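Novice: the sequence isn't on hand, but the structure is:
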RNA sequence: GCCGGGAUGGGGUAGUCUGGUAUCCUGUGGGACUGUGGAUCCCUAGACCCGAGUUCAAAUCUCGGUCCCGGCCCCA
(Lines give C-alpha, C1' and ligand atoms only; values in the text may rest on other atoms or scores of the structure.)
Protein backbone atom coordinates (compact mmCIF):
# COMPACT_ATOMS: atom_id res chain seq x y z
CA UNK A 1 0.00 0.00 0.00
CA UNK A 2 2.76 2.39 0.96
CA UNK A 3 4.43 1.82 -2.35
CA UNK A 4 1.41 2.63 -4.47
CA UNK A 5 2.31 4.70 -7.44
CA UNK A 6 0.34 7.88 -7.56
CA UNK A 7 -1.03 9.45 -10.67
CA UNK A 8 0.98 12.48 -11.79
CA UNK A 9 -0.19 15.82 -10.58
CA UNK A 10 -2.95 17.43 -12.57
CA UNK A 11 -3.93 14.21 -14.36
CA UNK A 12 -7.05 12.14 -13.91
CA UNK A 13 -8.30 8.59 -14.17
CA UNK A 14 -11.78 8.14 -15.53
CA UNK A 15 -13.99 5.40 -14.10
CA UNK A 16 -16.57 3.65 -16.30
CA UNK A 17 -19.47 5.89 -15.25
CA UNK A 18 -17.43 8.94 -16.02
CA UNK A 19 -16.14 7.67 -19.35
CA UNK A 20 -19.67 6.88 -20.39
CA UNK A 21 -20.63 10.46 -19.69
CA UNK A 22 -17.56 11.89 -21.44
CA UNK A 23 -18.01 9.74 -24.51
CA UNK A 24 -21.66 10.63 -24.70
CA UNK A 25 -21.04 14.36 -24.61
CA UNK A 26 -18.14 13.97 -27.00
CA UNK A 27 -20.34 12.08 -29.44
CA UNK A 28 -22.90 14.89 -29.39
CA UNK A 29 -20.15 17.39 -30.18
CA UNK A 30 -18.78 15.30 -33.03
CA UNK A 31 -22.22 14.78 -34.42
CA UNK A 32 -22.95 18.49 -34.45
CA UNK A 33 -19.65 19.26 -36.17
CA UNK A 34 -20.43 16.69 -38.82
CA UNK A 35 -23.93 18.08 -39.30
CA UNK A 36 -22.16 21.35 -40.07
CA UNK A 37 -20.00 19.61 -42.66
CA UNK A 38 -16.78 19.47 -40.69
CA UNK A 39 -14.55 16.39 -40.89
CA UNK A 40 -12.33 15.01 -38.21
CA UNK A 41 -8.56 15.07 -38.20
CA UNK A 42 -5.93 14.05 -35.66
CA UNK A 43 -2.37 15.20 -35.12
CA UNK A 44 0.41 13.80 -32.91
CA UNK A 45 0.36 14.14 -29.15
CA UNK A 46 3.89 15.58 -29.30
CA UNK A 47 5.42 18.06 -31.71
CA UNK A 48 8.60 20.01 -32.20
CA UNK A 49 8.68 22.60 -29.45
CA UNK A 50 9.39 25.19 -32.10
CA UNK A 51 5.87 24.87 -33.46
CA UNK A 52 4.61 26.57 -30.35
CA UNK A 53 7.46 28.94 -29.62
CA UNK A 54 7.18 30.43 -33.12
CA UNK A 55 3.64 31.39 -32.36
CA UNK A 56 3.84 32.37 -28.74
CA UNK A 57 7.48 33.10 -27.96
CA UNK A 58 10.08 31.13 -25.98
CA UNK A 59 8.42 32.09 -22.69
CA UNK A 60 5.83 29.39 -23.08
CA UNK A 61 8.47 26.68 -22.82
CA UNK A 62 8.06 27.18 -19.08
CA UNK A 63 4.46 26.14 -19.34
CA UNK A 64 4.90 23.19 -21.64
CA UNK A 65 5.91 19.60 -21.13
CA UNK A 66 9.01 20.07 -23.25
CA UNK A 67 11.76 17.47 -23.47
CA UNK A 68 14.64 16.30 -25.59
CA UNK A 69 14.32 12.89 -27.22
CA UNK A 70 17.15 10.39 -27.72
CA UNK A 71 18.01 11.95 -31.03
CA UNK A 72 18.45 15.33 -29.38
CA UNK A 73 15.24 16.79 -30.83
CA UNK A 74 13.45 19.45 -28.83
CA UNK A 75 9.93 18.12 -28.49
CA UNK A 76 6.93 18.97 -26.39
CA UNK A 77 3.56 17.53 -25.55
CA UNK A 78 1.10 19.70 -27.41
CA UNK A 79 -0.32 22.53 -25.28
CA UNK A 80 -3.12 23.27 -27.73
CA UNK A 81 -4.35 22.18 -31.12
CA UNK A 82 -4.66 25.17 -33.42
CA UNK A 83 -0.95 25.29 -34.23
CA UNK A 84 -0.66 21.55 -34.96
CA UNK A 85 -3.72 21.73 -37.19
CA UNK A 86 -2.27 24.64 -39.14
CA UNK A 87 1.06 22.84 -39.43
CA UNK A 88 -0.77 19.81 -40.79
CA UNK A 89 -2.60 22.04 -43.21
CA UNK A 90 0.55 23.75 -44.46
CA UNK A 91 2.43 20.44 -44.74
CA UNK A 92 -0.14 18.32 -46.48
CA UNK A 93 -3.58 19.76 -46.95
CA UNK A 94 -3.04 22.89 -49.00
CA UNK A 95 -4.44 21.30 -52.13
CA UNK A 96 -7.76 20.36 -50.62
CA UNK A 97 -10.80 22.31 -51.77
CA UNK A 98 -11.48 25.43 -49.75
CA UNK A 99 -12.85 26.12 -47.35
CA UNK A 100 -11.43 23.29 -45.32
CA UNK A 101 -13.72 22.46 -42.46
CA UNK A 102 -11.89 20.42 -39.86
CA UNK A 103 -12.62 19.38 -36.33
CA UNK A 104 -10.63 17.55 -33.68
CA UNK A 105 -10.74 16.27 -30.15
CA UNK A 106 -7.89 15.20 -27.96
CA UNK A 107 -5.71 15.63 -24.93
CA UNK A 108 -3.43 18.63 -24.49
CA UNK A 109 -0.84 19.28 -21.82
CA UNK A 110 0.24 22.35 -19.94
CA UNK A 111 2.61 22.60 -17.03
CA UNK A 112 0.46 24.84 -14.87
CA UNK A 113 -0.86 24.84 -11.36
CA UNK A 114 -4.00 22.70 -11.29
CA UNK A 115 -7.16 24.22 -9.91
CA UNK A 116 -10.85 24.05 -10.46
CA UNK A 117 -11.47 23.21 -14.12
CA UNK A 118 -7.77 23.27 -14.84
CA UNK A 119 -5.62 20.23 -15.30
CA UNK A 120 -2.18 19.42 -16.64
CA UNK A 121 -3.73 16.95 -19.01
CA UNK A 122 -6.97 18.30 -20.40
CA UNK A 123 -9.12 17.76 -23.46
CA UNK A 124 -9.95 20.16 -26.21
CA UNK A 125 -12.62 19.89 -28.83
CA UNK A 126 -12.16 22.37 -31.64
CA UNK A 127 -12.86 23.25 -35.21
CA UNK A 128 -11.09 25.31 -37.84
CA UNK A 129 -12.46 26.74 -41.05
CA UNK A 130 -9.49 27.37 -43.29
CA UNK A 131 -9.22 29.50 -46.37
CA UNK A 132 -12.00 32.04 -46.12
CA UNK A 133 -12.11 35.56 -44.85
CA UNK A 134 -15.59 36.91 -44.74
CA UNK A 135 -18.40 37.44 -42.22
CA UNK A 136 -20.21 34.24 -43.17
CA UNK A 137 -17.20 32.12 -42.27
CA UNK A 138 -16.92 33.70 -38.85
CA UNK A 139 -20.65 33.29 -38.40
CA UNK A 140 -20.38 29.63 -39.37
CA UNK A 141 -17.74 28.99 -36.73
CA UNK A 142 -19.54 30.89 -34.00
CA UNK A 143 -22.71 29.14 -35.00
CA UNK A 144 -21.10 25.73 -34.66
CA UNK A 145 -19.61 26.54 -31.26
CA UNK A 146 -22.91 27.75 -29.87
CA UNK A 147 -24.91 24.98 -31.48
CA UNK A 148 -22.66 22.47 -29.75
CA UNK A 149 -23.32 24.11 -26.40
CA UNK A 150 -27.00 24.01 -27.06
CA UNK A 151 -26.94 20.44 -28.30
CA UNK A 152 -25.22 19.08 -25.24
CA UNK A 153 -27.85 20.73 -23.10
CA UNK A 154 -25.80 23.51 -21.54
CA UNK A 155 -27.83 26.32 -20.07
CA UNK A 156 -26.80 29.76 -18.89
CA UNK A 157 -24.00 30.30 -21.34
CA UNK A 158 -23.17 33.53 -23.08
CA UNK A 159 -21.50 33.98 -26.44
CA UNK A 160 -19.54 37.22 -26.35
CA UNK A 161 -18.46 38.47 -29.73
CA UNK A 162 -16.01 41.24 -30.42
CA UNK A 163 -13.69 42.39 -33.15
CA UNK A 164 -10.07 42.93 -32.39
CA UNK A 165 -9.65 44.93 -35.59
CA UNK A 166 -11.67 47.81 -34.21
CA UNK A 167 -9.18 48.37 -31.42
CA UNK A 168 -6.15 47.59 -33.53
CA UNK A 169 -7.25 50.14 -36.13
CA UNK A 170 -7.41 52.91 -33.57
CA UNK A 171 -4.06 51.92 -32.12
CA UNK A 172 -2.55 51.87 -35.60
CA UNK A 173 -3.84 55.35 -36.31
CA UNK A 174 -1.93 56.43 -33.23
CA UNK A 175 1.16 54.60 -34.41
CA UNK A 176 0.96 51.80 -31.86
CA UNK A 177 1.53 48.33 -33.31
CA UNK A 178 3.08 44.94 -32.59
CA UNK A 179 4.31 44.30 -29.06
CA UNK A 180 3.05 47.60 -27.76
CA UNK A 181 -0.41 47.01 -29.08
CA UNK A 182 -0.48 43.54 -27.55
CA UNK A 183 0.54 44.90 -24.18
CA UNK A 184 -2.32 47.38 -24.21
CA UNK A 185 -4.80 44.81 -25.45
CA UNK A 186 -3.81 42.44 -22.68
CA UNK A 187 -4.55 45.05 -20.04
CA UNK A 188 -7.86 45.84 -21.66
CA UNK A 189 -8.76 42.17 -21.81
CA UNK A 190 -8.44 42.00 -18.05
CA UNK A 191 -10.38 45.20 -17.67
CA UNK A 192 -7.38 46.92 -16.10
CA UNK A 193 -8.30 50.27 -17.55
CA UNK A 194 -6.02 52.39 -15.38
CA UNK A 195 -2.98 50.35 -16.27
CA UNK A 196 -3.94 50.34 -19.92
CA UNK A 197 -4.27 54.10 -19.79
CA UNK A 198 -0.78 54.47 -18.31
CA UNK A 199 0.71 52.40 -21.11
CA UNK A 200 -1.25 54.28 -23.79
CA UNK A 201 -0.08 57.60 -22.38
CA UNK A 202 3.50 56.34 -22.41
CA UNK A 203 3.17 55.48 -26.07
CA UNK A 204 2.11 59.01 -26.77
CA UNK A 205 -1.51 58.41 -27.69
CA UNK A 206 -3.91 61.28 -27.77
CA UNK A 207 -6.36 61.70 -24.92
CA UNK A 208 -9.25 61.45 -27.37
CA UNK A 209 -8.09 58.08 -28.67
CA UNK A 210 -7.44 56.74 -25.19
CA UNK A 211 -10.93 57.68 -24.15
CA UNK A 212 -12.36 56.18 -27.29
CA UNK A 213 -10.56 52.87 -26.85
CA UNK A 214 -11.54 52.48 -23.24
CA UNK A 215 -15.09 53.44 -24.14
CA UNK A 216 -15.22 50.86 -26.92
CA UNK A 217 -13.99 48.02 -24.75
CA UNK A 218 -16.80 48.72 -22.35
CA UNK A 219 -19.43 48.44 -25.07
CA UNK A 220 -21.46 45.30 -24.62
CA UNK A 221 -25.03 44.28 -25.19
CA UNK A 222 -27.37 43.41 -28.04
CA UNK A 223 -26.41 44.02 -31.61
CA UNK A 224 -27.82 47.54 -31.42
CA UNK A 225 -24.90 48.67 -29.26
CA UNK A 226 -22.86 48.80 -32.44
CA UNK A 227 -24.64 52.05 -33.16
CA UNK A 228 -22.81 53.55 -30.21
CA UNK A 229 -19.72 53.41 -32.35
CA UNK A 230 -20.81 56.48 -34.26
CA UNK A 231 -17.49 58.27 -34.26
CA UNK A 232 -15.84 55.17 -35.59
CA UNK A 233 -16.86 54.03 -39.02
CA UNK A 234 -14.28 51.40 -39.90
CA UNK A 235 -14.46 48.32 -42.03
CA UNK A 236 -14.30 46.27 -38.87
CA UNK A 237 -17.54 47.67 -37.54
CA UNK A 238 -19.34 46.89 -40.77
CA UNK A 239 -17.86 43.39 -40.79
CA UNK A 240 -19.01 42.68 -37.25
CA UNK A 241 -22.50 43.92 -38.05
CA UNK A 242 -22.70 41.48 -40.91
CA UNK A 243 -21.54 38.60 -38.73
CA UNK A 244 -24.23 39.44 -36.22
CA UNK A 245 -26.86 39.63 -38.92
CA UNK A 246 -26.01 36.20 -40.26
CA UNK A 247 -26.01 34.73 -36.76
CA UNK A 248 -29.46 36.12 -36.27
CA UNK A 249 -30.70 34.51 -39.45
CA UNK A 250 -29.12 31.23 -38.30
CA UNK A 251 -31.15 31.53 -35.12
CA UNK A 252 -28.22 31.48 -32.72
CA UNK A 253 -29.12 32.30 -29.13
CA UNK A 254 -27.42 33.93 -26.17
CA UNK A 255 -25.41 36.29 -28.34
CA UNK A 256 -23.79 39.38 -26.96
CA UNK A 257 -21.74 41.95 -28.76
CA UNK A 258 -18.87 42.71 -26.42
CA UNK A 259 -16.04 44.77 -27.79
CA UNK A 260 -14.11 44.06 -24.63
CA UNK A 261 -13.40 40.53 -25.85
CA UNK A 262 -9.80 40.87 -26.80
CA UNK A 263 -7.88 37.58 -26.57
CA UNK A 264 -4.38 38.89 -26.06
CA UNK A 265 -2.82 37.09 -28.98
CA UNK A 266 -1.05 38.64 -31.88
CA UNK A 267 -2.33 36.32 -34.52
CA UNK A 268 -5.98 37.06 -34.06
CA UNK A 269 -6.89 39.47 -36.78
CA UNK A 270 -10.63 40.02 -36.78
CA UNK A 271 -13.68 38.69 -35.07
CA UNK A 272 -12.96 37.12 -31.71
CA UNK A 273 -15.39 35.39 -29.39
CA UNK A 274 -15.68 33.57 -26.11
CA UNK A 275 -18.34 31.41 -24.57
CA UNK A 276 -18.60 31.58 -20.83
CA UNK A 277 -20.67 29.99 -18.12
CA UNK A 278 -20.79 32.51 -15.28
CA UNK A 279 -21.60 29.91 -12.62
CA UNK A 280 -18.16 28.36 -13.08
CA UNK A 281 -16.40 31.20 -11.31
CA UNK A 282 -12.75 31.88 -11.99
CA UNK A 283 -12.50 29.32 -14.79
CA UNK A 284 -15.73 30.23 -16.46
CA UNK A 285 -14.54 30.41 -20.06
CA UNK A 286 -15.47 27.18 -21.84
CA UNK A 287 -14.68 28.18 -25.40
CA UNK A 288 -12.53 30.72 -27.20
CA UNK A 289 -11.98 31.47 -30.82
CA UNK A 290 -11.74 33.92 -33.65
CA UNK A 291 -10.23 34.56 -37.01
CA UNK A 292 -6.52 34.43 -37.42
CA UNK A 293 -3.69 34.14 -39.83
CA UNK A 294 -1.12 31.54 -38.83
CA UNK A 295 -0.21 29.52 -41.89
CA UNK A 296 2.53 31.88 -42.98
CA UNK A 297 4.26 31.40 -39.63
CA UNK A 298 4.72 27.74 -40.46
CA UNK A 299 6.09 28.37 -43.92
CA UNK A 300 2.88 28.39 -45.89
CA UNK A 301 1.19 31.04 -47.92
CA UNK A 302 -0.92 33.50 -46.01
CA UNK A 303 -4.30 31.92 -45.46
CA UNK A 304 -7.07 33.33 -43.36
CA UNK A 305 -8.82 30.99 -41.03
CA UNK A 306 -11.29 31.06 -38.25
CA UNK A 307 -11.80 28.55 -35.50
CA UNK A 308 -12.44 27.80 -31.89
CA UNK A 309 -11.43 25.46 -29.11
CA UNK A 310 -13.77 24.19 -26.43
CA UNK A 311 -12.37 23.29 -23.03
CA UNK A 312 -13.99 19.88 -22.83
CA UNK A 313 -13.38 19.33 -19.13
CA UNK A 314 -14.75 22.67 -18.09
CA UNK A 315 -17.77 22.22 -20.25
CA UNK A 316 -18.39 18.93 -18.52
CA UNK A 317 -18.08 20.56 -15.11
CA UNK A 318 -20.66 23.12 -16.19
CA UNK A 319 -23.01 20.35 -17.30
CA UNK A 320 -22.52 18.50 -14.04
CA UNK A 321 -23.34 21.60 -12.05
CA UNK A 322 -26.69 21.75 -13.73
CA UNK A 323 -27.17 18.03 -13.07
CA UNK A 324 -27.64 16.90 -16.61
CA UNK A 325 -29.06 13.44 -17.25
CA UNK A 326 -26.96 11.09 -19.30
CA UNK A 327 -28.66 8.05 -20.77
CA UNK A 328 -27.32 5.08 -18.87
CA UNK A 329 -25.88 2.18 -20.78
CA UNK A 330 -27.15 -1.19 -19.67
CA UNK A 331 -26.04 -4.70 -20.38
CA UNK A 332 -29.03 -6.47 -21.84
CA UNK A 333 -28.63 -9.95 -20.50
CA UNK A 334 -26.89 -11.86 -17.74
CA UNK A 335 -26.73 -15.62 -18.12
CA UNK A 336 -26.81 -17.77 -14.97
CA UNK A 337 -26.19 -21.53 -15.07
CA UNK A 338 -27.53 -23.30 -12.03
CA UNK A 339 -25.20 -26.25 -12.17
CA UNK A 340 -21.67 -26.91 -13.25
CA UNK A 341 -22.90 -29.15 -16.05
CA UNK A 342 -24.87 -26.29 -17.57
CA UNK A 343 -21.95 -23.91 -17.76
CA UNK A 344 -21.15 -24.97 -21.28
CA UNK A 345 -24.72 -24.33 -22.32
CA UNK A 346 -24.51 -20.90 -20.72
CA UNK A 347 -21.53 -19.98 -22.88
CA UNK A 348 -23.28 -21.33 -25.91
CA UNK A 349 -26.27 -19.08 -25.31
CA UNK A 350 -24.01 -16.16 -24.43
CA UNK A 351 -22.11 -16.51 -27.68
CA UNK A 352 -25.26 -16.66 -29.74
CA UNK A 353 -26.76 -13.59 -28.13
CA UNK A 354 -23.53 -11.67 -28.52
CA UNK A 355 -23.24 -12.52 -32.16
CA UNK A 356 -26.71 -11.02 -32.56
CA UNK A 357 -25.50 -7.78 -30.96
CA UNK A 358 -27.32 -8.34 -27.72
CA UNK A 359 -24.91 -7.28 -25.01
CA UNK A 360 -24.51 -10.27 -22.77
CA UNK A 361 -22.68 -11.00 -19.57
CA UNK A 362 -22.28 -14.45 -18.07
CA UNK A 363 -21.42 -15.74 -14.61
CA UNK A 364 -17.65 -16.00 -14.34
CA UNK A 365 -17.51 -16.39 -10.57
CA UNK A 366 -19.36 -19.70 -10.21
CA UNK A 367 -21.73 -18.04 -7.82
CA UNK A 368 -24.99 -19.25 -6.33
CA UNK A 369 -28.23 -18.23 -7.97
CA UNK A 370 -28.97 -15.75 -5.27
CA UNK A 371 -25.59 -14.10 -5.46
CA UNK A 372 -25.86 -14.03 -9.19
CA UNK A 373 -29.22 -12.30 -9.11
CA UNK A 374 -27.80 -9.79 -6.69
CA UNK A 375 -24.83 -9.20 -8.94
CA UNK A 376 -27.07 -8.86 -11.97
CA UNK A 377 -29.13 -6.28 -10.13
CA UNK A 378 -26.10 -4.32 -9.00
CA UNK A 379 -24.62 -4.02 -12.48
CA UNK A 380 -28.02 -2.97 -13.80
CA UNK A 381 -28.67 -5.74 -16.25
CA UNK A 382 -32.06 -5.74 -17.94
CA UNK A 383 -32.76 -9.47 -18.16
CA UNK A 384 -31.39 -12.51 -16.40
CA UNK A 385 -31.49 -15.86 -18.14
CA UNK A 386 -31.56 -18.75 -15.71
CA UNK A 387 -30.49 -22.16 -16.92
CA UNK A 388 -31.80 -25.06 -14.89
CA UNK A 389 -31.80 -28.79 -15.52
CA UNK A 390 -35.58 -29.19 -15.30
CA UNK A 391 -36.20 -26.62 -18.00
CA UNK A 392 -33.26 -27.71 -20.07
CA UNK A 393 -34.87 -31.08 -20.60
CA UNK A 394 -37.61 -29.24 -22.45
CA UNK A 395 -35.14 -26.89 -24.14
CA UNK A 396 -36.38 -23.82 -22.36
CA UNK A 397 -34.80 -21.29 -20.04
CA UNK A 398 -36.20 -18.83 -17.53
CA UNK A 399 -36.14 -15.21 -18.60
CA UNK A 400 -36.34 -12.80 -15.70
CA UNK A 401 -37.05 -9.12 -16.13
CA UNK A 402 -34.76 -7.54 -13.57
CA UNK A 403 -36.80 -4.36 -13.37
CA UNK A 404 -40.13 -5.97 -12.57
CA UNK A 405 -39.09 -9.35 -11.19
CA UNK A 406 -41.40 -11.07 -13.65
CA UNK A 407 -40.13 -14.39 -14.84
CA UNK A 408 -41.31 -16.52 -17.76
CA UNK A 409 -40.12 -19.71 -19.43
CA UNK A 410 -39.04 -19.28 -23.02
CA UNK A 411 -37.79 -21.69 -25.62
CA UNK A 412 -34.07 -21.40 -26.29
CA UNK A 413 -34.78 -21.23 -30.00
CA UNK A 414 -36.86 -18.09 -29.53
CA UNK A 415 -34.54 -16.34 -27.13
CA UNK A 416 -32.50 -14.34 -29.59
CA UNK A 417 -35.45 -13.15 -31.51
CA UNK A 418 -37.42 -12.14 -28.45
CA UNK A 419 -34.52 -10.20 -26.95
CA UNK A 420 -33.74 -8.51 -30.24
CA UNK A 421 -37.29 -7.20 -30.28
CA UNK A 422 -37.17 -6.11 -26.67
CA UNK A 423 -33.99 -4.21 -27.38
CA UNK A 424 -35.31 -2.63 -30.48
CA UNK A 425 -32.83 -4.36 -32.75
CA UNK A 426 -34.28 -5.47 -36.04
CA UNK A 427 -33.98 -9.25 -36.04
CA UNK A 428 -32.23 -10.72 -39.02
CA UNK A 429 -34.68 -13.57 -39.49
CA UNK A 430 -37.79 -11.44 -39.56
CA UNK A 431 -40.38 -13.53 -37.67
CA UNK A 432 -42.23 -10.43 -36.70
CA UNK A 433 -44.96 -12.35 -35.00
CA UNK A 434 -42.75 -13.40 -32.14
CA UNK A 435 -43.14 -10.00 -30.67
CA UNK A 436 -46.86 -10.31 -30.83
CA UNK A 437 -46.78 -13.74 -29.28
CA UNK A 438 -44.72 -12.81 -26.28
CA UNK A 439 -45.34 -9.14 -26.09
CA UNK A 440 -47.83 -9.24 -23.28
CA UNK A 441 -45.93 -11.53 -21.03
CA UNK A 442 -43.12 -9.24 -20.04
CA UNK A 443 -43.26 -5.53 -19.72
CA UNK A 444 -40.77 -4.04 -22.06
CA UNK A 445 -38.69 -1.11 -20.85
CA UNK A 446 -39.52 2.03 -22.71
CA UNK A 447 -35.99 3.47 -22.60
CA UNK A 448 -34.61 0.93 -25.05
CA UNK A 449 -31.40 2.49 -26.29
C1' G B 1 5.87 31.25 -8.62
C1' C B 2 2.34 33.20 -4.33
C1' C B 3 -1.81 32.67 -0.43
C1' G B 4 -5.32 29.64 2.33
C1' G B 5 -7.84 24.74 3.62
C1' G B 6 -7.04 19.61 3.53
C1' A B 7 -5.17 14.02 3.26
C1' U B 8 -7.58 7.92 8.33
C1' G B 9 -9.50 0.56 4.63
C1' G B 10 -12.16 0.86 -2.44
C1' G B 11 -15.82 5.25 -1.15
C1' G B 12 -17.68 8.15 3.12
C1' U B 13 -16.29 9.01 8.25
C1' A B 14 -15.05 9.20 14.23
C1' G B 15 -10.62 9.95 16.82
C1' U B 16 -6.19 14.90 16.25
C1' C B 17 -7.03 20.55 20.21
C1' U B 18 -5.55 17.41 25.49
C1' G B 19 0.17 11.64 22.50
C1' G B 20 -1.25 5.41 24.87
C1' U B 21 -5.12 -1.13 21.92
C1' A B 22 -8.31 3.23 15.44
C1' U B 23 -14.94 4.08 15.32
C1' C B 24 -19.05 3.49 12.41
C1' C B 25 -21.56 3.28 7.52
C1' U B 26 -21.07 1.53 2.73
C1' G B 27 -18.77 -1.32 -0.92
C1' U B 28 -15.59 -6.08 -2.15
C1' G B 29 -15.05 -11.58 -1.34
C1' G B 30 -17.25 -15.78 1.25
C1' G B 31 -21.16 -18.37 4.19
C1' A B 32 -26.26 -19.52 6.11
C1' C B 33 -28.89 -21.01 0.97
C1' U B 34 -27.50 -28.09 -2.29
C1' G B 35 -33.09 -24.25 -8.01
C1' U B 36 -35.13 -18.26 -6.96
C1' G B 37 -35.64 -13.07 -0.50
C1' G B 38 -32.33 -8.03 -5.56
C1' A B 39 -34.42 -9.30 1.87
C1' U B 40 -31.92 -10.66 6.52
C1' C B 41 -28.02 -12.40 9.52
C1' C B 42 -22.95 -13.95 10.02
C1' C B 43 -17.67 -14.37 8.67
C1' U B 44 -13.18 -12.65 6.15
C1' A B 45 -9.96 -9.09 4.05
C1' G B 46 -8.87 -3.98 4.04
C1' A B 47 -6.48 2.47 6.41
C1' C B 48 -3.67 6.70 9.79
C1' C B 49 -0.07 10.41 2.32
C1' C B 50 5.65 10.01 2.45
C1' G B 51 10.23 11.04 5.24
C1' A B 52 12.86 12.90 9.40
C1' G B 53 12.57 14.70 14.50
C1' U B 54 10.67 15.00 19.78
C1' U B 55 8.99 11.02 23.20
C1' C B 56 8.96 5.19 27.14
C1' A B 57 5.04 5.84 23.44
C1' A B 58 3.00 9.70 17.43
C1' A B 59 -3.02 9.13 13.32
C1' U B 60 -2.36 12.97 17.17
C1' C B 61 3.17 17.45 18.47
C1' U B 62 7.49 19.80 15.21
C1' C B 63 10.02 20.24 10.43
C1' G B 64 10.54 18.93 5.24
C1' G B 65 8.23 16.80 0.93
C1' U B 66 4.09 14.80 -2.17
C1' C B 67 -0.80 15.11 -3.70
C1' C B 68 -5.92 17.17 -3.52
C1' C B 69 -9.44 21.45 -3.03
C1' G B 70 -10.14 26.84 -3.46
C1' G B 71 -8.09 31.73 -4.75
C1' C B 72 -3.99 34.79 -7.20
C1' C B 73 -0.19 35.02 -11.45
C1' C B 74 -0.83 32.89 -16.08
C1' C B 75 -4.27 30.91 -19.45
C1' A B 76 -1.40 29.93 -26.44
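Specialist: Nice, thanks for sending it over. The model shown is predicted, which means the values in this text are computed figures rather than measured ones.
Novice: so what's the closest residue to RNA strand B within chain A closest to, chain neighbours aside?
Specialist: Closest to RNA strand B within chain A is residue A:388: 2.2 Å, counting by C-beta to the nearest atom of the strand. Just so you know, the C-beta spots here come from the backbone N, C-alpha and C atoms, and that holds for glycine as well. Distance criterion C-beta to C-beta, 6 or more residues apart in numbering; nearest residue to residue A:388, sequence neighbours excluded, is residue A:338 at 4.6 Å.
Novice: residues in contact with that neighbour?
Specialist: When contacts are counted by C-beta atoms under 8 Å, 6 or more residues apart in numbering, residue A:338 touches A:369, A:386-389.
Novice: at 7 Å instead, please
Specialist: A:369, A:386-388 (C-beta atoms under 7 Å, 6 or more residues apart in numbering).
Novice: quick check: residue A:223 touching residue A:256?
Specialist: No: judged on C-beta atoms under 7 Å, residue A:223 makes no contact with residue A:256 at a distance of 9.2 Å.
Novice: which one is residue A:86 nearest to, not counting chain neighbours?
Specialist: Counting by C-beta to C-beta, 6+ apart, the nearest residue to residue A:86 once its immediate chain neighbours are dropped is residue A:294, at 4.6 Å.
Novice: give me the number of residues near residue A:171?
Specialist: Neighbour count of residue A:171, defined by other C-beta atoms under 10 Å: 22.
Novice: show me what the host helix or strand of it is packed against.
Specialist: Remark: residue A:171 resides in helix A:164-173, with elements defined by DSSP states H and E. Helix A:164-173 is packed against helix A:178-189, helix A:207-217, helix A:235-250, strand A:268-276, with contacts defined by 3 or more C-beta pairs under 7 Å, 6 or more residues apart in numbering; DSSP states H and E.
Novice: quick check: angle from it to helix A:235-250?
Specialist: Using axes from the mean of the first three to the mean of the last three C-alpha atoms, to 10 degrees, the interaxial angle of helix A:164-173 with respect to helix A:235-250 works out to 170 degrees.
Novice: and the angle for helix A:164-173 with strand A:268-276?
Specialist: Using the same axes, to 10 degrees: helix A:164-173 against strand A:268-276 is 140 degrees.
Novice: flag every buried residue along helix A:164-173.
Specialist: With burial defined by 16 or more other C-beta atoms under 10 Å, the residues of helix A:164-173 counted as buried are A:164-171.
Novice: which residues touch that helix?
Specialist: Under the criterion C-beta under 7 Å, 6+ apart, residues A:177, A:181, A:184-185, A:209, A:212-213, A:216, A:232, A:234, A:236-237, A:259, A:262-263, A:268-270, A:272 lie in contact with helix A:164-173.
Novice: so which of these also contact RNA strand B?
Specialist: Of the residues in the contacts of helix A:164-173, proximity to RNA strand B by C-beta under 7 Å from any atom of the strand holds for residue A:263.
Novice: out of the contacts of helix A:164-173, which end up buried?
Specialist: Under a neighbour-count criterion of 16+ other C-beta under 10 Å, the subset of the contacts of helix A:164-173 counted as buried comprises A:181, A:184-185, A:212-213, A:216, A:234, A:236-237, A:259, A:262-263, A:268-270, A:272.
Novice: among these, which one has the lowest pLDDT?
Specialist: Looking at those by pLDDT, the weakest one is residue A:263, with 74.
Novice: for the closest residue to that one other than its chain neighbours, give me its contacts.
Specialist: Of all residues beyond its chain neighbours, the one nearest residue A:263 is residue A:272 (4.7 Å), with distances taken as C-beta to C-beta, 6+ apart. Residue A:272 makes contact with A:162-164, A:261-263, A:290, according to C-beta under 7 Å, 6+ apart.
Novice: could I get these as a markdown table with secondary structure?
Specialist: A markdown table is the format used below for the contacts of residue A:272 (DSSP: H, G, I helix; E, B strand; the rest coil):
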| residue | secondary structure |
| --- | --- |
| A:162 | strand |
| A:163 | strand |
| A:164 | helix |
| A:261 | coil |
| A:262 | coil |
| A:263 | coil |
| A:290 | strand |
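Novice: which pair in those spans the largest distance?
Specialist: Comparing all pairs in the contacts of residue A:272 by C-beta to C-beta, the longest separation belongs to A:163 and A:263, at 11.0 Å.
Novice: which elements pack onto the helix or strand residue A:24 falls within?
Specialist: Taking DSSP H and E as the definition, one finds residue A:24 inside helix A:16-35. Applying 3+ C-beta pairs under 7 Å, 6+ apart, we find helix A:16-35 packed against helix A:135-151, helix A:312-321.
Novice: quick one: mean pLDDT for it?
Specialist: The pLDDT scores in helix A:16-35 average 93.
Novice: note down every partner strand of the helix or strand following that helix and its orientation.
Specialist: Moving toward the C-terminus from helix A:16-35, the next helix or strand (DSSP H and E) is strand A:39-40. Paired strands of strand A:39-40, with direction, are strand A:100-109 (parallel) (DSSP bridges).
Novice: gap between whichever helix or strand comes after the strand it pairs with and the chain center?
Specialist: Next along the chain after strand A:100-109, taking DSSP H and E as the criterion, comes strand A:121-130. Per C-alpha atoms, centre = their mean, to the nearest Å, the displacement of strand A:121-130 from the mean C-alpha position of its chain is 8 Å.
Novice: which strands and helices sit next to strand A:121-130?
Specialist: Judged by 3+ C-beta pairs under 7 Å, 6+ apart, strand A:121-130 is in contact with strand A:100-109, helix A:135-151, strand A:305-311, helix A:312-321.
Novice: and the helices in the stretch 251-400 of chain A?
Specialist: The residue ranges that make up the helices of the stretch 251-400 of chain A, judged by DSSP state H, counting those that start in this stretch, are A:312-321, A:343-355, A:369-378, A:389-392.
Novice: wait, which of those is closest to residue A:8?
Specialist: Of all the helices of the stretch 251-400 of chain A, the one in closest proximity to residue A:8, counting by C-beta to C-beta, is helix A:312-321 (16.1 Å).
Novice: stretch A:216-236 spans what distance, first to last residue?
Specialist: Its first and final residues considered, stretch A:216-236 spans 13 Å by C-alpha to C-alpha, to the nearest Å.
Novice: give me the contacts around it.
Specialist: Applying C-beta under 7 Å, 6+ apart, the set of residues contacting stretch A:216-236 from outside is A:163, A:165-167, A:169, A:188, A:212, A:237, A:240-241, A:244, A:256-260.
Novice: and stretch A:46-53, by the same measure?
Specialist: Taking C-beta under 7 Å, 6+ apart as the rule, stretch A:46-53 contacts A:60-61, A:64, A:66, A:73-79, A:83-84, A:87.
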